[in-house]
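*Asks:* no sequence on hand, only this structure:
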């Protein structure tokens, strides 16, 4: 069970206090698929990064299986079983796809094992394992490698920030199936209806606050309302 | 050969001992330690000054030549001139480099002046490794100068590696690239403590179809200092690309001055330079895979200098 308790995050915006997350509290059971959604700037990515320990909240607590992990850094959370897929995958110089997969799985994968992982994200391993994870790869390729690392990690809590963005040629169904098959708690930041469709729990954010939390049937009307408001505002 | 000498030899040339076969010239403390030649590659000691002439016959294929230099004493300031004459159509690998082991309080240095005369349609890879260890307070200096004439249609690939312990290095590389010839330079330098490394490249793209690609990767830690200067001159229809990336930590300093001079409207010259600290995003990504901050830093630097 992952519990977010009264989390606030404020930044200093040219001398003015700006609230990004405003007293966020919710809990997520193990082995469910949760989607955090909401319009741009609602605080989704910040919340995901706070859960992984990449951003320190201004106040509030995070508990995992009853243990307060608020002070744990990224490494400690990773070792506890947290994994994170970045919205903008990070590129390196001189580090290969295989090396990242090995680091993610904590062992040296055989070519067959690496191939198996990469095929799950629609990449042909032979073309990729020795390639550098640099900006010569396309956005879609980098995004899939990011997801491959999530598979290789085989973690208990998987946080994915907009995994569908930039997934160009690879079929969307494969991505949806990937999350359906996965064990553990999946927390996905997404706007996509097809991902929202498979969620057990949806957290809808609006301007740093939780507007609604619950099953799809309860939250969907609120999501539709938000979208209508945006249309009215001409967004 | 004692253990330290063997260790240096392995570090700079990959050889574990004096080889039973192959072509090599091993120099230790200013003197010839061992040499082997064959019918295609001759190595001759110079008569007028210290050094060797390495003569590779035309059409020599798939040969590797090891010419490591070992300095295992203090107070030695070695100066050597090596000239390479590579015949047309040759395809060879040359592994040079120098290792200094100095436990005394007297400075030791090695100044290697290498001249390459590359014939037509050759393929030459030249690897140069430098490293030093011993008394941390004693200066261990390496000043390699490399002059290259890349003949018509030839490819010359140069890989320079300095991975720590060298107190001061001033590397100078001058090259002239002929018609349809290609020069590829990759330089990786890691400095720490108070070490200083200076690099000068001057490449003239003389004729049409000539090409140079320089990639310099620098990691400077502690109070070390690195300086990268490159000048690429395009005199004809040619292509030149210089990329200089640096990672800076602690109180280190990196100065990068890439300069391009086009003397022909057909010259296509590009330079890129970027210096910064270790990317926090890269560190966060690797930490999210379970690595500590220090482990992440190590992986990033190893990849960068690969």
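*Replies:* Done, it's in. This is a predicted model, so every value here is computed, not measured. Numbering: from 1, shown residues only, chains lettered A, B, ... in the order given.

*Asks:* near chain B, which residues of chain A?
*Replies:* When proximity is defined by CB under 8 Å from any CB of the partner chain, chain A lies next to chain B at A:52, A:54, A:73-75, A:78-79, A:82-84, A:86, A:90, A:92-95, A:99-100, A:103-104, A:106, A:149, A:153. For glycine as for every other residue, the C-beta is placed from the backbone atoms N, C-alpha and C.

*Asks:* just the buried ones from those?
*Replies:* Buried subset of the residues of chain A next to chain B (neighbour count, 16 or more other CB atoms under 10 Å in any protein chain shown): A:52, A:54, A:74-75, A:78, A:82-84, A:86, A:90, A:92-95, A:99-100, A:103-104, A:149, A:153.

*Asks:* tell me which of those residues fall in strands.
*Replies:* A:82-84 (DSSP state E).

*Asks:* which among the residues you listed gets closest to chain B?
*Replies:* residue A:84 (4.4 Å; CB to the nearest CB).

*Asks:* mind listing the residues bridging to that closest one?
*Replies:* residue A:159 (DSSP bridges).

*Asks:* for whichever residue of chain A sits closest to chain B, give me its contacts.
*Replies:* With CB to the nearest CB, the shortest gap between chain A and chain B falls at residue A:94, namely 3.4 Å. Neighbour list for residue A:94: A:132, B:302-306 [criterion: CB atoms under 8 Å, 6 or more residues apart in numbering or on different chains].

*Asks:* tell me the SS of the spatially closest residue to residue B:36 that is not a sequence neighbour?
*Replies:* In space, and not counting its chain neighbours, residue B:36 is closest to residue B:24: 5.5 Å by CB to CB, 6 or more residues apart in numbering or on different chains. Three-state assignment for residue B:24 (DSSP: H, G, I helix; E, B strand; the rest coil): strand.

*Asks:* pLDDT below threshold where in chain A?
*Replies:* Chain A contains residues with pLDDT under 70 at A:168-171, A:234-235.

*Asks:* give me the element residue A:4 is part of.
*Replies:* strand A:2-13 (DSSP states H and E).

*Asks:* cool, residue A:221 as well?
*Replies:* helix A:216-232.

*Asks:* distance from that helix to the middle of the chain?
*Replies:* 22 Å (CA atoms, centre = their mean, to the nearest Å).

*Asks:* could you do stretch B:62-75 as well?
*Replies:* So, by CA atoms, centre = their mean, the centroid of stretch B:62-75 is 13 Å from its chain's centroid.

*Asks:* what about the residue of the stretch 201-306 of chain B found nearest chain A, how many neighbours?
*Replies:* Using CB to the nearest CB, the single residue of the stretch 201-306 of chain B nearest to chain A is residue B:303, 3.4 Å away. Burial of residue B:303, expressed as a neighbour count using other CB atoms under 10 Å in any protein chain shown, amounts to 20.

*Asks:* what's the spacing between it and residue B:297?
*Replies:* Note on residue B:303: its distance to residue B:297, by CB to CB, to the nearest Å, is 11 Å.

*Asks:* now swap in residue B:19 and tell me
*Replies:* From residue B:19 to residue B:297 the distance is 37 Å (CB to CB).

*Asks:* out of the two, which sits in the more crowded spot?
*Replies:* Each of residue B:19 and residue B:297 has its neighbours counted (other CB under 10 Å); residue B:297 has more, 17 against 14.

*Asks:* can you verify my assumption that residue A:219 contacts residue A:212?
*Replies:* Yes: in this structure residue A:219 lies within contact range of residue A:212 using CB atoms under 8 Å: 4.9 Å.

*Asks:* so what sits against both of these two?
*Replies:* Counting by CB under 8 Å, 6+ apart, the residues touching both residue A:219 and residue A:212 are A:202, A:204.

*Asks:* quick one: which of these two has more around it?
*Replies:* residue A:219 (21 against 18).

*Asks:* excluding residues flanking it in the chain, which one is nearest that one?
*Replies:* Residue A:219's closest residue in space is residue A:202 (CB to CB, 6+ apart), at 4.2 Å.

*Asks:* work out for me the element the one you found sits within.
*Replies:* Using DSSP H and E, residue A:202 sits in strand A:201-206.

*Asks:* contacts for that strand next, please.
*Replies:* With CB under 8 Å, 6+ apart, strand A:201-206 has contacts from A:26, A:28, A:32-39, A:42-44, A:47, A:196, A:210-216, A:219-220, A:222-223, A:226.

*Asks:* list buried residues within the contacts of residue A:94.
*Replies:* A:132, B:303-305.

*Asks:* in helices, which of these appear?
*Replies:* B:303-304 (DSSP state H).

*Asks:* circling back: can I get the contacts of residue A:94 in a markdown table with distance to residue B:287?
*Replies:* Below are these laid out as a markdown table (distance: CB to CB, whole Å):
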| residue | distance to residue B:287 |
| --- | --- |
| A:132 | 20 |
| B:302 | 16 |
| B:303 | 15 |
| B:304 | 17 |
| B:305 | 21 |
| B:306 | 21 |
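
*Asks:* how about the contacts made by the residue nearest the centre of chain A?
*Replies:* Closest residue to the average C-alpha location of chain A: residue A:160 at 1.7 Å, with CA atoms, centre = their mean. Going by CB under 8 Å, 6+ apart, residue A:160 touches A:84-85, A:147, A:150, A:186-189.

*Asks:* neighbour-wise, give me the winner out of these.
*Replies:* residue A:84 (29 neighbours).

*Asks:* residue B:2 versus that residue, what's the distance?
*Replies:* Counting by CB to CB - residue A:84 and residue B:2 are separated by 51 Å.

*Asks:* now swap in residue B:162 and tell me
*Replies:* Distance from residue B:162 to residue B:2, by CB to CB: 24 Å.

*Asks:* give me the more crowded residue out of these two.
*Replies:* Neighbour count, other CB under 10 Å: between residue B:162 and residue B:2, residue B:162 has more, with 27 against 8.

*Asks:* with adjacent residues omitted, what lies nearest to residue A:162?
*Replies:* Nearest one to residue A:162, counting by CB to CB, 6+ apart, is residue A:87 at 4.9 Å.

*Asks:* actually residue A:197, sorry about that
*Replies:* Residue A:197's closest residue in space is residue A:216 (CB to CB, 6+ apart), at 7.0 Å.

*Asks:* please, where are all the helices along chain A?
*Replies:* Going by DSSP H, chain A shows helices at A:44-52, A:74-80, A:97-105, A:111-120, A:125-128, A:139-153, A:172-181, A:193-197, A:216-232.

*Asks:* what does chain B give?
*Replies:* Using DSSP H, helices in chain B cover B:3-13, B:280-287, B:293-304.

*Asks:* pick the most buried one from these.
*Replies:* helix B:280-287 (a mean of 21; mean count of other CB atoms under 10 Å in any protein chain shown).

*Asks:* contacting residues around the closest residue to residue B:61 other than its chain neighbours?
*Replies:* Closest residue in space to residue B:61, ignoring its immediate chain neighbours: residue B:91 at 4.8 Å, by CB to CB, 6+ apart. Residues in contact with residue B:91 (CB under 8 Å, 6+ apart) are B:60-63, B:122-124.
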